[in-house]
Each structure stands twice: as structure tokens, then as C-alpha cells.
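In: quick one: sequence and predicted model below, then my questions.
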Amino acid sequence: MSTITNLSELTGHYALDPRHTRIGFVARHTMSTRVRGQFEEFEGGAYLDGDDPAKSRARLTIQATSIQTGNRQRDGMLRDKFLDADNHPTLTFTSTGLNQVDKNNYRLSGDLTLRGLTRSVTVDVELTDGGNGLKGDFYAGFKASLTLNRNDWGVNWNAFTAFTLSPKVTLECDVVAIRQH
């Protein structure tokens, strides 16, 4: 729950705090298991307009080679075969619009680029917290999720993986952004 009582308190430019931000994913394997992972290297920021949320914008750049699932062989296959990191070293998101659903929930539209292909997506975003941190910096916390079909970006390896892995992948983000002075 947010400690912010007035959304106008949020207005400003923000940078992601990589120590307190997690960009993860979940993919279902046909054996009824889930493969979970995250990206270790990313940078991003936002301009938040608390008085007129529609004027807010966000951007995110993820290093494809930073994918981690806890399995070295799988990580290598994801980097090489699925993400083609040698030819497409980054995944990017750039917002194109924001709609407020209720006090703490938003729908963030934007362009997601994977493997050199850009598609429009809409991300569910929840404002989870905000206020002054221990060092006096003003921060905003968010939780975001997006379920996508990896085939829309050509993220596949061969017929076997098309059969054994669900095409649906859920991106899950827990974000802390620090307001810049």
C-alpha cells in the first residue's frame, strides 16, 4: 500500500534503483513445471506526472546476456537460441501512453522490442509505495506484469521447444525508482 496521500507528490524524473528492482519472468513447461528467471543488468527511468498521469512516460533497456535461471546450460540456450543476444544485445520498452484505472492501478502502453522486432503491449502497473527513503531520497515503488506470446517476437528455437514450452511468458517487475534532483 502506498504511503503517498496525494499523487502530485510523485511528479518528477526518476531512475531505476537496480539494487531494489527485479525484472523477472515465468514460462510454463509442458511437464507442469515453471521456469523462473530474471535479468541482472538493466537501466531505465521515468517521468511521473502525479497531476496528469497520462503525461507520464517510462523507458527500460535490458541486457539480453544478463538472463539468469539458475541453470547454466539453459541460460546459454536462452541467450543464444531464444534471445539471439549476439545480434540483439538489448530488450527495450518505451512507453506510449498511460491510463489510470483507479487510485493505485494503471495500464501502461508501449513498444517492446525483442530480437529486433517491436510490438505494442500494455502492462498492468500498481503503485505499491512511495515516500522518503532511509537516505532521504524520494522513491516510488511499483509492481508490474505482462503476459506475452513469445512467438510474436520469433522467440523460439525449434519444433521440440515449440511443443515443450508454452508460448506464454509472464514478465514480472518489482520496481523501485529514485527521484532525481
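Out: Everything's here; your move. Numbers count the residues shown, from 1 in each chain.

In: wait, Asp129 touches Ala140, no?
Out: Yes: the criterion here is Cβ atoms under 8 Å, and Asp129 meets it with Ala140 at 7.4 Å. No exception for glycine: its C-beta is placed from N, CA and C like everyone else's.

In: contacting residues for the nearest residue to Leu117 once chain neighbours are set aside?
Out: Closest residue to Leu117 apart from its sequence neighbours, by Cβ to Cβ, 6 or more residues apart in numbering: Trp153 at 4.9 Å. Contact analysis of Trp153 by Cβ atoms under 8 Å, 6 or more residues apart in numbering lists 112, 114-115, 117, 119.

In: so which of these belong to helices?
Out: Using DSSP state H, no member of the contacts of Trp153 sits in helices.

In: let me know the closest of these to Arg79.
Out: Distance to Arg79 across these (Cβ to Cβ) is lowest for Arg115, with 11.9 Å.

In: please verify my assumption that the closest one contacts Asn156.
Out: No: the pair Arg115 / Asn156 is not scored as a contact, 10.1 Å apart, by Cβ under 8 Å.

In: how far out from the middle of the chain is stretch 58-77?
Out: Relative to the chain's own centre, stretch 58-77 is displaced by 13 Å; criterion: Cα atoms, centre = their mean, to the nearest Å.
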